[in-house]
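> A predicted structure for the sequence below; I have some questions about it.
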Amino acid sequence: GAVVSQHPSRVICKSGTSVKIECRSLDFQATTMFWYRQFPKQSLMLMATSNEGSKATYEQGVEKDKFLINHASLTLSTLTVTSAHPEDSSFYICSAGGQSNQPQHFGDGTRLSIL
Amino acid sequence: GEDVEQSLFLSVREGDSSVINCTYTDSSSTYLYWYKQEPGAGLQLLTYIFSNMDMKQDQRLTVLLNKKDKHLSLRIADTQTGDSAIYFCAESIKTGTALIFGKGTTLSVSS
């Protein structure tokens, strides 16, 4: 069964709306989670590293005021796309794990479409 | 720098074996992964191998690692139409760090 749960799976909304995506680790505690973005027919690009109890670490070129990350508990990280615009439309995927010789597992992804 | 390379396409016939290849540049990679992505879906972990291993087999899947050449391969035996998907090779430099992905290999299986 899934070990990382991501919700919602699909969002369609108007330009200017803020959208929150949740990523939960189901059977383990995750002090670190990762948020990736995938454009059509392309690979996954790391956006940020979500750290429980502290600020997220953003990759170069990713606006931290645009993509707000909150990792308030050991099993939940949220990504909020603020004031979303059509260019933010993409597939967002989170992952957790990779500690103690365990592999990283990914959520099912969220397809965000901004009209 | 870190880089993971894969061929973009592979086409096989049902019942044949598929071999997807991957090369990476960082010799300090500790874990190497294969993920499968079906259209519109997330990533499914297929298998992974630690850098101190040469081979790992799991049912129809065989992973070979040549650390000297920094080459990783995924062999799918008796390929089925349901295996059609994009396969991503990924490396992890250190425990608990983000993965670095290749661009993915689209596997097309014809009946």
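Done, it's in.

> in chain B, where is pLDDT below threshold?
B:1-2 (pLDDT under 70).

> in it, which spans are strands?
Counting by DSSP state E, chain B has strands at residues B:4-6, B:9-13, B:18-24, B:31-37, B:43-50, B:55-58, B:61-66, B:71-76, B:85-92, B:100-101, B:105-110.

> nearest to A:N51, of those?
The closest of the strands of chain B to A:N51 is strand B:85-92. By C-beta to C-beta, the value is 17.3 Å. All C-beta atoms are positioned from the backbone trio N, CA, C, and that covers glycine.

> let's see that closest one as CSV, backbone CA atoms only.
Presented in CSV, the C-alpha positions along strand B:85-92 are these (Å, rounded to 0.1, in the frame of the first residue of the first chain):
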residue,chain,number,x,y,z
ALA,B,85,5.4,3.6,-19.0
ILE,B,86,8.2,6.0,-18.4
TYR,B,87,11.1,4.7,-16.3
PHE,B,88,13.2,7.1,-14.3
CYS,B,89,16.6,6.3,-13.1
ALA,B,90,17.6,8.4,-10.0
GLU,B,91,20.5,8.7,-7.7
SER,B,92,20.9,9.7,-4.1
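
> these two touch, right, B:L32 and B:C89?
Yes. Using C-beta atoms under 8 Å, B:L32 is in contact with B:C89, at 7.1 Å.

> which neighbours do the two share?
Common contact partners of B:L32 and B:C89 (C-beta atoms under 8 Å, 6 or more residues apart in numbering or on different chains): B:C22, B:Y24, B:L72.

> which of the residues you listed lies closest to chain A?
Among the shared contacts of B:L32 and B:C89, B:C22 lies closest to chain A (C-beta to the nearest C-beta), at 12.1 Å.

> how many neighbouring residues does that closest one have?
25 (other C-beta atoms under 10 Å in any protein chain shown).

> for chain A, which segments count as strands?
Counting by DSSP E, the strands of chain A are A:4-7, A:10-13, A:19-25, A:32-38, A:44-51, A:57-58, A:67-73, A:76-81, A:90-97, A:104-106, A:110-114.

> B:K68 is nearest to which of these?
Nearest of the strands of chain A (C-beta to C-beta): strand A:104-106, 25.5 Å.

> show me which residues of chain B sit near chain A.
Counting by C-beta under 8 Å from any C-beta of the partner chain, the residues of chain B lying close to chain A are B:31, B:33, B:35, B:40-45, B:48, B:50, B:88, B:92, B:95-99, B:101-104.

> perfect, that will be all.
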